[in-house]
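*Asks:* Can you look at this prediction? I've put the sequence above it.
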Amino acid sequence: MRNSALHAILEAFTTEAAGCLAHEAESGAEVPFELVAAPGERAPLYCYRPLTGRFIADRHGRLAALASYAPAARALAELETTDAYLQLRDARPPRDPRARADATLRAFLTRVFAERSRFGFERERFEAAYAELELALYEGRRTTTVLVPLLGLALDHHTRELVLGEGLSLVRADALDDVPAEALAAGGESTVLAVLRVIDERSAPSPVGAARKRFRRLLRALRLFERGAFALGPLGWARIDSGSWRPVALGSGGHARSVTFLRAEHEDELRAFHSLIARRPPASPEVAWALARFEMGCERATPVEALTDWLLALRALLEPEGPGSARLAGRLAAVCAQPHARAAMTERAARAVALEHAVIGGLDPGEPEAHALVEELGEHLRAILRDVLCGHLDADVCGLADELIAEAAVASHATTH
């Protein structure tokens with residue numbers, strides 16, 4: 001087996017599709033037949049052959065509504081070689097990847113239930129059909145799988161794999177066969193793994209270098225998407241096809257200070273956000289620098305240790321005159337708070353800025369209030385960077401803050417006079 005994750009996804013879909021098709025047949029829907037001649041010694045013999053493919057194609061809408069359909073279609077849309085399987089099944093491959101995935105699923109189901117008028121999941125028929133599919137998808141190519149533990153994230157208990165696109169997925173460790181024992185050290189079978197699968201020619205360079213970049217972009221997207229302390233494990237593993245796992249250095253690090261639970265209803269939002277962040281570079285050098293400092297802070301052991309990183313990032317965005325201007329707190333409040341709450345936010349931000357002197361002096365303000373102030377500062381920075389990268393905020397955040405402060409001053413003057 002070359003792709004155990006695809007095998008599991010298609011098995012889940014085939015099992016659910018079998019129940020749907022069986023229900024249709026039991027409810028009175030008839031499988032069409034054709035009369036075919038079989039050669040005999042003296043005269044041809046005739047028999048009825050079920051047109052299973054037509055029965056399945058006519059119920060595409062019902063099958064597409066199954067919970068297991070979308071993950072199966074996404075997994076196949078990621079593969080560039082489904083056209084080879086469709087040609088094997090005498091089907092014309094569509095140009096659009098999603099349409100090609102839909103056609104592949106119909107062809108695969110037709111193969112599983114070929115010439116059957118009753119529907120039920122049969123292991124032997126499924127495995128034979130899957131082996132034929134894999135042979136068409138991977139013949140003459142290699143599949144390189146690179147994985148690394150993703151610390152600080154928990155998936156919904158119904159989610160075994162969250163496909164993010166272009167071969168990248170978040171996978172529960174118990175959804176993969178033969179996971180290296182070291183990769184489970186963080187949380188056992190519930191450990192979430194970032195997994196990249198690359199299908200290419202055997203003569204192509206190793207994709208481990210590309211995996212490092214893809215995992216870093218994934219980590220950046222998670223840190224911007226949701227509040228949490230996400231980190232990659234210090235060591236990853238790679239293997240070719242079904243060979244042995246070998247450890248690979250991914251140059252990652254950081255500390256997962258807490259665990260963030262990703263609910264199933266937020267998975268599509270994360271998928272879209274990751275795609276956006278992956279293809280949209282920072283809008284200015286200042287934003288790029290602030291984003292890098294934000295990520296440095298996310299990798300510190302405690303929020304207090306991240307304070308200077310996050311302050312440097314905010315100063316790049318909101319205080320180009322330098323810290324001597326003391327305008328950071330007011331501008332941050334103008335961008336992140338409603339007018340009635342700006343005074344309180346300005347006061348809290350100023351207190352967070354003042355904490356830096358204690359940290360530089362070697363003191364760790366351990367009281368909960370200090371940690372809360374720093375985490376609040378980090379959340380405001382995350383929100384600003386996320387909105388800038390998504391296009392909701394102009395990259396000139398400082399200019400925007402000054403405009404809002406000026407508008408508030410005019411409104412206040414008009415009210416008092």
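*Replies:* Right, received. Where do you want to start? Numbering: from 1, shown residues only.

*Asks:* Isn't residue 82 up against residue 75?
*Replies:* No: Residue 82 lies out of contact with residue 75 (CB atoms under 8 Å); the separation is 10.4 Å. Every C-beta, even on glycine, is put in place using the N, C-alpha and C of the backbone.

*Asks:* now the helices: where do they sit in the stretch 201-350 of the chain?
*Replies:* 208-225, 267-279, 285-298, 303-318, 328-336, 342-360 (DSSP state H, counting those that start in this stretch).

*Asks:* Residues contacting the first one, please?
*Replies:* Right, the one you point to is helix 208-225. 144, 146, 148, 150, 153, 164, 166, 168, 194, 196, 198, 228, 230-232, 236, 238, 248, 250-252, 254, 269-270, 273-274, 277-278, 291, 294-295, 298, 382, 385-386, 389 (CB atoms under 8 Å, 6 or more residues apart in numbering).

*Asks:* List buried residues within those residues.
*Replies:* Taking 16 or more other CB atoms under 10 Å as the criterion, what is buried in these is 144, 146, 148, 150, 153, 164, 168, 194, 196, 198, 228, 230-232, 236, 238, 248, 250, 252, 254, 270, 273-274, 277-278, 291, 294-295, 298, 382, 385-386, 389.

*Asks:* now residue 80: how far from residue 201?
*Replies:* 12 Å (CB to CB, to the nearest Å).

*Asks:* what about those two, which has more around it?
*Replies:* With neighbours defined as other CB atoms under 10 Å, residue 80 and residue 201 compare such that residue 80 has more, 13 against 8.

*Asks:* Going by contacts, tell me the helices and strands next to the helix or strand residue 15 falls within.
*Replies:* Using DSSP states H and E, residue 15 maps to helix 4-26. Contacts defined by 3 or more CB pairs under 8 Å, 6 or more residues apart in numbering; DSSP states H and E place helix 4-26 against helix 60-64, helix 69-77, helix 97-112, helix 123-138, strand 161-165.

*Asks:* Would you format those as JSON lines with distance to residue 316 included?
*Replies:* Listed next are the helices and strands packed on helix 4-26 as JSON lines, based on distance: least, CB to CB, whole Å:
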{"stretch": "helix 60-64", "distance to residue 316": "47"}
{"stretch": "helix 69-77", "distance to residue 316": "38"}
{"stretch": "helix 97-112", "distance to residue 316": "39"}
{"stretch": "helix 123-138", "distance to residue 316": "47"}
{"stretch": "strand 161-165", "distance to residue 316": "29"}
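
*Asks:* Columns mean pLDDT and distance to residue 261 on top of these, output as JSON lines?
*Replies:* Below are those laid out as JSON lines (pLDDT from 0 to 100; distance: least, CB to CB, whole Å):
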{"stretch": "helix 60-64", "mean pLDDT": "94", "distance to residue 261": "29"}
{"stretch": "helix 69-77", "mean pLDDT": "92", "distance to residue 261": "20"}
{"stretch": "helix 97-112", "mean pLDDT": "93", "distance to residue 261": "30"}
{"stretch": "helix 123-138", "mean pLDDT": "92", "distance to residue 261": "33"}
{"stretch": "strand 161-165", "mean pLDDT": "90", "distance to residue 261": "13"}
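
*Asks:* For residue 402, find the nearest of those.
*Replies:* The minimum distance between residue 402 and those falls on strand 161-165, with 38.1 Å, by CB to CB.

*Asks:* angle of the following helix or strand past the closest one against helix 267-279?
*Replies:* Note on strand 161-165: by DSSP H and E, the next helix or strand toward the C-terminus is strand 168-172. For strand 168-172 against helix 267-279, the angle by axes from the mean of the first three to the mean of the last three CA atoms, to 10 degrees is 140 degrees.

*Asks:* Just the pLDDT for residue 253.
*Replies:* What the model reports as pLDDT for residue 253 is 65.

*Asks:* again with the one 5 residues further on
*Replies:* pLDDT recorded at residue 258 is 80.

*Asks:* Check residue 170 too.
*Replies:* Reading off the model, residue 170 has pLDDT 95.

*Asks:* For residue 92, give its distance to residue 72.
*Replies:* 21 Å.

*Asks:* Neighbour count for those two, which is higher?
*Replies:* A count of neighbours by other CB under 10 Å puts residue 72 above the other of residue 92 and residue 72, at 26 against 8.

*Asks:* Excluding sequence neighbours, find me the nearest residue to the more buried one.
*Replies:* Excluding the flanking residues, the one nearest residue 72 by CB to CB, 6 or more residues apart in numbering is residue 13, at 4.1 Å.

*Asks:* Does that neighbour touch residue 105 like I think?
*Replies:* Yes: using CB under 8 Å, residue 13 makes contact with residue 105 at a distance of 7.2 Å.

*Asks:* Export the host helix or strand of residue 400 to PDB, keeping only CA atoms.
*Replies:* Taking DSSP H and E as the definition, one finds residue 400 inside helix 397-416. What follows is helix 397-416, C-alpha atoms only, in PDB (Å, rounded to 0.1, in the frame of the first residue of the first chain):
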ATOM      1  CA  VAL A 397      -1.300  50.800  10.300                       C
ATOM      2  CA  CYS A 398       0.300  53.800  11.900                       C
ATOM      3  CA  GLY A 399      -1.300  56.200   9.500                       C
ATOM      4  CA  LEU A 400      -4.700  54.600  10.100                       C
ATOM      5  CA  ALA A 401      -4.300  54.900  13.900                       C
ATOM      6  CA  ASP A 402      -3.400  58.600  13.600                       C
ATOM      7  CA  GLU A 403      -6.500  59.200  11.400                       C
ATOM      8  CA  LEU A 404      -8.700  57.500  14.000                       C
ATOM      9  CA  ILE A 405      -7.200  59.500  16.800                       C
ATOM     10  CA  ALA A 406      -7.700  62.800  14.800                       C
ATOM     11  CA  GLU A 407     -11.400  61.800  14.100                       C
ATOM     12  CA  ALA A 408     -12.000  61.100  17.800                       C
ATOM     13  CA  ALA A 409     -10.500  64.500  18.700                       C
ATOM     14  CA  VAL A 410     -12.700  66.300  16.300                       C
ATOM     15  CA  ALA A 411     -15.800  64.400  17.600                       C
ATOM     16  CA  SER A 412     -14.900  65.200  21.200                       C
ATOM     17  CA  HIS A 413     -14.400  68.900  20.400                       C
ATOM     18  CA  ALA A 414     -17.700  69.100  18.600                       C
ATOM     19  CA  THR A 415     -19.400  67.400  21.600                       C
ATOM     20  CA  THR A 416     -18.000  69.800  24.200                       C
END
